[in-house]
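Q: Next come a sequence and a model predicted from it.
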Amino acid sequence: MTCLNRRSLWITVFFLFASVLLLFSGCQKNPSQMSISDVGFYFDTVVEIKLNGTEDESILKECFDLMAEYESLLSRTREGSDVWKINHNAGTPVSVSEDTVSLIRLARKYYDLSDGAFDITIAPYVTLWDFQNNPGTIPTKDELTAASKHVGFENVQVSGNTVTLADPETQIDLGGIAKGFIADRLKEYLTKEGIESAWINLGGNVLTIGMKPDKSPWKIGIRKPFGAATETAAVICVSGKSVVTSGTYERYFEKDGTIYHHILEPKTGQPVQNHLYSVTILSDSSADGDALSTTCFVLGKEDGIELVESLDGIEALFITDEQELIYSSGFPHQ
Ligand code: AMP
Ligand code: MG
């Protein structure tokens, strides 16, 4: 082979190799274009998780596994859950997970902060109303009065990892705070996995990580109460924040023209009637947002706004039964 021939052979090999390399690099996606998502049904509601910058399905799967774990720990109705064990062993100390204890301690904080408006011991009322079935049951005044004797956070004693219900008929229900707490745990896990952009939606309880892949903030629509599912009363742009709404329209039944909804007055066990349709809380922690949306709903617009204004890093939107929007002073509305 002449020297010239050998050179042209090497040149051909080089170009062949380079074009194969180019072909492969063309197949690889830019991380900003990668995105995976899935939906499921947990905590009696539809949940959705969307991760940007990854196509690692195992991370997504772990999120759903975590939700299943938390559901089997915190559900009031699931036999064998921590909450079930606490409720069915009243009078005796029950050893539970650290997560359950920290959630009960957080619930206590909001009970104290709201003078008892947020109270997880409303469980005996929840059982009577049976909102999980539609239509539920309207309890009699006597039934609610009898149940009210066992409602009160003073009956819940926490020591280390042990929870004791002092009154054998007291029960707890974490429905007003658990989804926010779980969303925070999911965010913690995803952040540990290096996820920088994600959307966690646990039945309208939204928690975001970072910004959207195009570096713009997430746009979150706040539902118009009793409007179509896609109809919004307001839209806010956030990055890394939690947006949680408590609303009458989320769980209710109607009988003889009256709406009976699931947010209950701890003293009476009746659905709260204060001309509000919904309260949305914007916060960093979703557990705080979840507890506060329920708390502020029960407190009503005056006391609710006062509480929000007294707290750092918390903003709120109250929507009245006339669809009037009342914002806290720092709410980023457009
Ligand atoms: P949310 O949608 O976060 O406002 O939670 C509503 C759920 O919280 C209800 O379905 C009940 O399980 C529970 N709940 C109702 N009233 C109260 C209350 N006053 N304090 C704490 N939890 C409540
Ligand atoms: Mg709540």
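A: Nice, thanks for sending it over. Ligands and ions are numbered 1, 2, ... in the order given.

Q: interface residues of the stretch 151-300 of the chain facing ligand 1?
A: Residues of the stretch 151-300 of the chain lying near ligand 1 by C-beta under 6 Å from any ligand atom: 173, 175-176, 246, 250-251, 262-264, 266, 290, 293-294, 298. Every C-beta, even on glycine, is put in place using the N, C-alpha and C of the backbone.

Q: Name the member of those residues that has the highest neighbour count.
A: residue 290 (32 neighbours; other C-beta atoms under 10 Å).

Q: Quick check: residues of the stretch 101-250 of the chain near ligand 2?
A: With the criterion set to C-beta under 5 Å from the ion, the stretch 101-250 of the chain comes near ligand 2 through 176, 246.

Q: Show me which pair in the residues of the stretch 151-300 of the chain next to ligand 1 is furthest apart.
A: Greatest spacing in these, by C-beta to C-beta: 250 and 266 (18.8 Å).

Q: where do the strands sit along the stretch 201-334 of the chain?
A: 205-209, 218-223, 232-238, 242-247, 252-255, 258-261, 276-283, 315-320, 325-327 (DSSP state E, counting those that start in this stretch).

Q: Now do the second one against strand 315-320, angle only.
A: Relative orientation of strand 218-223 versus strand 315-320 (axes from the mean of the first three to the mean of the last three C-alpha atoms, to 10 degrees): 20 degrees.

Q: Strand 218-223 pairs with which strands, and in what direction?
A: According to DSSP bridges, strand 218-223 forms sheet pairs with strand 232-238 (antiparallel).

Q: what's the partner strand in contact with?
A: Residues outside strand 232-238 that contact it (C-beta atoms under 8 Å, 6 or more residues apart in numbering): 208, 216-225, 227, 243, 282, 317, 319, 323, 325, 331-334.

Q: Out of those, which end up buried?
A: Buried subset of the contacts of strand 232-238 (neighbour count, 16 or more other C-beta atoms under 10 Å): 208, 217-218, 220, 222-225, 243, 282, 317, 319, 331.

Q: For these, work out which two are farthest apart.
A: 217 and 225 (24.4 Å).

Q: ok, residue 102 - how many residues close by?
A: So residue 102, with other C-beta under 10 Å, has 13 neighbours.

Q: quick one: pLDDT of it?
A: For residue 102, the pLDDT comes out at 96.

Q: And residue 153, by the same measure?
A: Value for residue 153, per-residue pLDDT: 97.

Q: now it: how far from residue 293?
A: From residue 153 across to residue 293, the span is 19 Å (C-beta to C-beta, to the nearest Å).

Q: cool, residue 126 as well?
A: 17 Å.

Q: For residue 170, give me its contacts.
A: 90, 121, 123, 124, 150, 151, 152, 155, 156.

Q: If we use 6 Å, what do you get?
A: With contact taken as C-beta atoms under 6 Å, 6 or more residues apart in numbering, residue 170 is in contact with 121, 150, 155.

Q: Quick check: which ranges of the stretch 201-334 of the chain have low pLDDT?
A: Along the stretch 201-334 of the chain, segments meeting pLDDT under 70 span 334.

Q: In it, what residue lies closest to ligand 1?
A: Nearest to ligand 1 in the stretch 201-334 of the chain, going by C-beta to the nearest ligand atom, is residue 246, at a distance of 3.1 Å.

Q: Grab the nearest non-local neighbour of that residue.
A: Residue nearest to residue 246 in three dimensions, not counting chain neighbours: residue 293, with 3.9 Å by C-beta to C-beta, 6 or more residues apart in numbering.

Q: so the one you found sits right up against residue 281, yeah?
A: Yes - assessed by C-beta atoms under 6 Å, residue 293 is found in contact with residue 281 at 4.5 Å.

Q: intersection of neighbour lists for these two?
A: residue 244.

Q: Need the per-residue pLDDT for residue 133.
A: At residue 133, the model reports a pLDDT of 80.

Q: For burial, what's the neighbour tally of it?
A: 9.

Q: I'm done for today, thanks for sticking with me.
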